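>>> Model the structure of this input:
(2 chains)
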Amino acid sequence: MSAEQFFAELRRIYPADRLLTGRAQLAPYESDGLTSFRARPSGVVLPETQQEVIDTVKICHKYEVPFLARGSGTSLSGGSVPIEDGLVIALNRLKRIIRYDAEQRVAVVEPGVINTAVSERAAVDRLYYAPDPSSGPVCTIGGNVAFNSGGAHCLKYGMTSNHVLGMKVVLPDGTVEQLGSDSLEGSGPDLTGMFIGSEGLFGVALEITLRLLPKPEKYYTLQAAYDSLEKAGTAVAMVVASGLLPGAMEIMDRLSMDAADAAIGAGYPKDAKAVLIVELEGTSDEVEAEKPRLHKVIEESGAYIIEAARDDEHRLKIWKGRKSAFSAVGRLSPDFIVQDGVVPRTKLGHALKEIDKLSEQYGIRVANVFHAGDGNLHPLVMFDGRQPGGLEHAEELAGEIIRLCIRLGGSITGEHGVGLEKRAYIGEMYGEDDIEFMQQLRRSVDPLELANRGKKLPSAEAPALTSVGAHPLEKQGIISRE
Amino acid sequence: MQHDIPTQSFGPLGEPMADAIQKCVHCGFCLPVCPTYQVHGEEMDSPRGRIFLMKEVLEGNVELDEATPYIDKCLGCVGCITACPSGVGYGELITAFRATSEEKRERSVVDKTLRKFILETLPYPGRFRLAATAGRLAKPLKGVMPGRLGDMLDLLPKSLPPAQKLPEVFPAEGERRARVALLAGCAQQVLAPDINMATLRVLAKNGVEVVIPKSQSCCGALAAHTGAASQAKQFAKQNIKAFPPNVDAILTNAAGCGSGMHEYALWLRGEPEESAAAEFVKRVCDVSVFLEKLGLRETPSLSAPTKVAYHDACHLAHAQKVRSQPRALLRTIGNLDLVEIPSGDICCGSAGTYNIEQPETAGQLGHQKAQNIASVEPDAVATGNIGCMTQIETHLREVAFGKPIPVLHTMQILDRAYRGEAL
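I've put the predicted structure just below:
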């Protein structure tokens, strides 16, 4: 069975303008939010109905063509980089909110619905969808499900998996299954949970039932300035130890404050080495009661400026700056690697100090901006890819930071996923048996390894990749890209 | 984003193009604000997709002709610049790309003819008036005209206002507070000469003397944004010479012209006039910016309570970052209730000659904009760009709303308020 027949069958479903095969049509799909990885698919389809998605998956299965289901392509781990010569199923036109029930507090959405569009729809009823990745106005719910996305407020509310009740999915062989239901208390194993965060290895979500929450009545957002990153890190552990559970706790260092200020004019404290953003939220009574407790802890932590958001506009600005920080670092450096390691909260201060040392040792600037509350670091390792060896040197440093996280008892990824970028490190995080079990599970659903082949798990058939340089582990012969 | 663009081989524009591409981190924050991405939902029709495509073309990996259908679909609204956290100079990239690629393009005979017709007509008020009159007469023939020519006819008003001869100097009333020069605009002079007259009266009322240099030409924005680089350069050079140095500012009252004039240094990069252009650019500003800074001498009032929706012209809001000034001026007017338009950041689809070149996308965007405007039920729409006015008027007619909603320039509204009229 040939590629020609494969495309002939696709053409029966798609008109020419929804089956892209031209060079110029495919090029913009070669990368996601991590441009150092690129791969060229053989085609991109733009389905407009769930049935078209199902039929496409069936055709892929029949011809054994690997496929990638893609949303807005904002992945920071290369999770939505195409599979070389595979098919891309771009779900951007499946963006209907199929059912919205304010009384039941659920919304059933298609995978191409944008994250913030759910909260916008629910705003009239003072409801919202809690997971708030920084790319919220861009990224899709389908992508959030695939990568179990978090965000600033997952400290209090948890990740995507805590907010998805059920799903209708198409498995890699084209069969359609219902996982979970509208109810929070399902029976049997948590298959929805298994699907979430699988990075597309178990198929494509067609309908996702989301849980909506009542909007907090009141927010209280403060910024605390510190003369060292370590102090800010320690403050986070102190806040949590005091028994408070803020909605979000975020830290930005000087470099990321500068970048975000240049982009948004957020007005972070000048001269501070680090700023800690803490947001209390809840009923007015709760927030009022927690305020003095928070101020006391922050004062004790050595903050030299403590400033509350003046009004809602100021609060949104603080957040907009924070959420634009990754992209804004593009102003400081032509290239950078965004990392996503996690350390136990109590070791945050220590980890930050170590990263600072490594940065100095390598002579590479590292900006830090992260979800401090849950110990999720996002060091941004800056380099100039046009300098010979620039990327390799930066990747070496990035590797050291990841190993530091593992050593401290944390994780290689908090929310961005393993994708392509961290596939080499999953073997350091889990034992061989653990990975073998994951492989078995995956192959029991997708024996041909068609769905997003080559991501997350070491693959029998690794995809050929175009990267700008060899990965350090590749050079050591630990991994290979054929 | 890394690139391998042979920067030198693209002349003086190579560097600004490469700089913009290098700054892009492919994060996708531009997707939700891009009108064509909203309409088409595909990566090639997004800013980040186009940046990638332009990079591929400049690197020699993708043929220019394969990429142009997607580059051409860009409205040049530069909403993506406002949204971009990394500070990518998308406007400079697309203008430079169009300028450097135009001569390498293969266009069909129909395309070439239409393009030549537009570039030889629109920038010249006399020729445009003639063509518009002829076109108006040809309206009944729309059915037998080829598609795009027919679409052009749709945009022409039922009747053209009489031509208004502009004076060379329009004196200030009372004590003179400032002296400025005004760009008269091309299409605007033909389609809505009242905008210039209203601008002159409002400025005079506020003690501003206005000089309208006779030797000025079209601003060149239309040429630049369609890749006709040499025509754009010629206009820019002519205007740099035509506008006198002894005025407090060079004013524009059409957003498209203002943003075009702010690009003169880019257009003339590598030319002997480059530094003169950079100086010139510093003196150019929109009439609303100048007037708001100067402060209104007396605050006028409309004769009846009026709800006015302000439409952000992309070339004011995104290209020149002018948002607050026209709103502030309108808010000072008595009896005027200013309201915002939902999704106001998204382009109306006018964008220079876009509604002639990409009528389908332009039509969808125009329709959306009209619906959004109608949703807030205004009595009138205020904006600062003739292109938007024509587009919005056309589409507001399609949206059933009971009463007609006039679309006026901010200066026209001020003018009527000074005269104590209603809108």
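
>>> how far away is the residue of the stretch 1-150 of chain B found nearest chain A from A:A27?
Per CB to the nearest CB, B:S86 is where the stretch 1-150 of chain B lies closest to chain A, at 2.9 Å. C-betas here are computed from N, CA, C, even on glycine. Remark: distance between B:S86 and A:A27 (CB to CB, to the nearest Å) = 20 Å.

>>> Quick check: A:N148 touching A:M159?
Yes: using CB atoms under 8 Å, A:N148 and A:M159 qualify as a contacting pair, with a distance of 5.1 Å.

>>> so what sits against both of these two?
A:G197, A:E415 (CB atoms under 8 Å, 6 or more residues apart in numbering or on different chains).

>>> Start and end of stretch B:404-412, how far apart?
Distance between the boundary residues of stretch B:404-412 (CA to CA, to the nearest Å) amounts to 17 Å.

>>> Name the residues of it that are buried.
The neighbour-count check on stretch B:404-412 (16 or more other CB atoms under 10 Å in any protein chain shown) flags B:I405, B:P406, B:V407, B:L408, B:H409, B:T410, B:M411, B:Q412 as buried.

>>> Looking at the stretch 151-300 of chain B, which residue is nearest chain A?
Taking CB to the nearest CB, the stretch 151-300 of chain B has B:G227 as its residue nearest chain A, at 17.6 Å.

>>> Do I have it right that that residue meets B:A96?
No: contact criterion CB under 8 Å: B:G227 and B:A96 do not qualify, at 10.0 Å.

>>> Show me what secondary structure element comes after the helix-or-strand element of chain B with minimal mean pLDDT.
Lowest mean confidence among the helices and strands of chain B (mean pLDDT, DSSP states H and E): helix B:147-155, at a mean of 67. Next along the chain after helix B:147-155, taking DSSP states H and E as the criterion, comes strand B:169-170.

>>> now the strands: where do they sit in chain B?
Here chain B has its strands, by DSSP state E, at B:169-170, B:178-182, B:208-211, B:249-252, B:284-286, B:301-310, B:334-340, B:380-383, B:407-409.

>>> Relative to the whole chain's centre, how far out is the helix or strand harbouring A:Q51?
Using DSSP H and E, A:Q51 sits in helix A:50-63. With CA atoms, centre = their mean, to the nearest Å as the basis, helix A:50-63 stands 27 Å off its chain's centre.

>>> so, in contact with chain B or not, that helix?
No: using CB under 8 Å from any CB of the partner chain, helix A:50-63 stays clear of chain B, coming no nearer than 13.9 Å.

>>> Going by contacts, tell me the helices and strands next to that helix.
Where contact means 3 or more CB pairs under 8 Å, 6 or more residues apart in numbering or on different chains; DSSP states H and E, helix A:50-63 is packed against helix A:3-13, strand A:67-70, strand A:87-90, strand A:164-170, strand A:204-211.

>>> Endpoints of stretch A:125-143, how far apart?
Separation of the first and last residues of stretch A:125-143 by CA to CA is 26 Å.

>>> cool, stretch A:5-25 as well?
Termini of stretch A:5-25 sit 21 Å apart (CA to CA).

>>> Listing request: residues of chain B with sub-threshold pLDDT.
For chain B, the stretches with pLDDT under 70 are B:139-153, B:155, B:400-402.

>>> okay, now the domains of it?
Split into domains by automatic domain parsing, chain B comes to B:7-104, B:109-155, B:169-292, B:299-418.

>>> that older thread, now, which of the buried residues of stretch B:404-412 sits nearest chain A?
Each of the buried residues of stretch B:404-412 was checked against chain A using CB to the nearest CB; the closest is B:T410, at 24.6 Å.

>>> Test my guess that that closest one contacts B:A382.
Yes: counting by CB under 8 Å, B:T410 touches B:A382, with 5.2 Å between them.

>>> Need the overlap of contacts for the two.
By CB under 8 Å, 6+ apart, the residues touching both B:T410 and B:A382 are B:P326, B:L330.

>>> Deepest in the core, which of the helices and strands packed on helix A:50-63 is it.
Mean neighbour count (mean count of other CB atoms under 10 Å in any protein chain shown) peaks for strand A:67-70 among the helices and strands packed on helix A:50-63, with a mean of 28.

>>> contact partners of that strand?
A:29, A:32, A:41, A:53, A:56-57, A:60, A:80-83, A:86-91, A:111, A:142-143, A:146, A:200, A:204, A:450-452.

>>> Let's see the pLDDT reported for the residue of chain A found nearest chain B.
Nearest residue of chain A to chain B, counting by CB to the nearest CB: A:G330, 2.9 Å away. As predicted, A:G330 sits at a pLDDT of 87.

>>> What count of nearby residues applies to it?
Per other CB atoms under 10 Å in any protein chain shown, the neighbour tally for A:G330 reads 26.

>>> and stretch A:310-330, C-alpha only, in PDB?
What follows is stretch A:310-330, C-alpha atoms only, in PDB (Å, rounded to 0.1, in the frame of the first residue of the first chain):
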ATOM      1  CA  ARG A 310      -3.500  49.000  43.400                       C
ATOM      2  CA  ASP A 311      -6.500  47.900  41.400                       C
ATOM      3  CA  ASP A 312      -7.700  45.300  39.000                       C
ATOM      4  CA  GLU A 313      -5.900  46.900  36.100                       C
ATOM      5  CA  HIS A 314      -2.600  46.800  38.000                       C
ATOM      6  CA  ARG A 315      -3.300  43.200  39.000                       C
ATOM      7  CA  LEU A 316      -3.800  42.200  35.400                       C
ATOM      8  CA  LYS A 317      -0.700  44.000  34.300                       C
ATOM      9  CA  ILE A 318       1.400  42.100  36.900                       C
ATOM     10  CA  TRP A 319       0.000  38.800  35.500                       C
ATOM     11  CA  LYS A 320       0.300  39.800  31.900                       C
ATOM     12  CA  GLY A 321       4.000  40.600  32.400                       C
ATOM     13  CA  ARG A 322       4.500  37.300  34.200                       C
ATOM     14  CA  LYS A 323       2.700  35.400  31.500                       C
ATOM     15  CA  SER A 324       4.600  37.100  28.700                       C
ATOM     16  CA  ALA A 325       8.000  36.500  30.300                       C
ATOM     17  CA  PHE A 326       9.100  33.500  28.200                       C
ATOM     18  CA  SER A 327       8.400  35.200  24.900                       C
ATOM     19  CA  ALA A 328       9.700  38.500  26.200                       C
ATOM     20  CA  VAL A 329      13.100  36.900  26.800                       C
ATOM     21  CA  GLY A 330      13.300  36.900  23.000                       C
END
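
>>> quick one, helices of the stretch 51-200 of chain B?
With DSSP state H, counting those that start in this stretch as the criterion, the stretch 51-200 of chain B has helices at B:64-72, B:79-83, B:90-101, B:109-121, B:125-138, B:147-155, B:187-191, B:193-205.

>>> Report whether the second one contacts chain A.
Going back to what we said before, that points to helix B:79-83. No: using CB under 8 Å from any CB, helix B:79-83 stays clear of chain A, coming no nearer than 8.8 Å.

>>> on contacts alone, who are the packing partners of that helix?
If you count contacts as 3+ CB pairs under 8 Å, 6+ apart, helix B:79-83 packs onto helix B:90-101.

>>> Does A:G321 touch A:A262 like I think?
No: in this structure, A:G321 is not within contact of A:A262 by CB under 8 Å, at 9.8 Å.

>>> does A:I98 belong to a helix or a strand, and which?
Per DSSP H and E: A:I98 is located in strand A:97-101.

>>> Show me how far the very next helix or strand once past that strand is from its chain's centre.
As assigned by DSSP H and E, the chain's next helix or strand after strand A:97-101 is strand A:106-109. On the basis of CA atoms, centre = their mean, strand A:106-109 is displaced by 21 Å from the centre of the chain it belongs to.

>>> likewise stretch B:327-343?
21 Å.

>>> What of stretch B:94-112?
How far stretch B:94-112 lies from its chain's middle: 20 Å, per CA atoms, centre = their mean.
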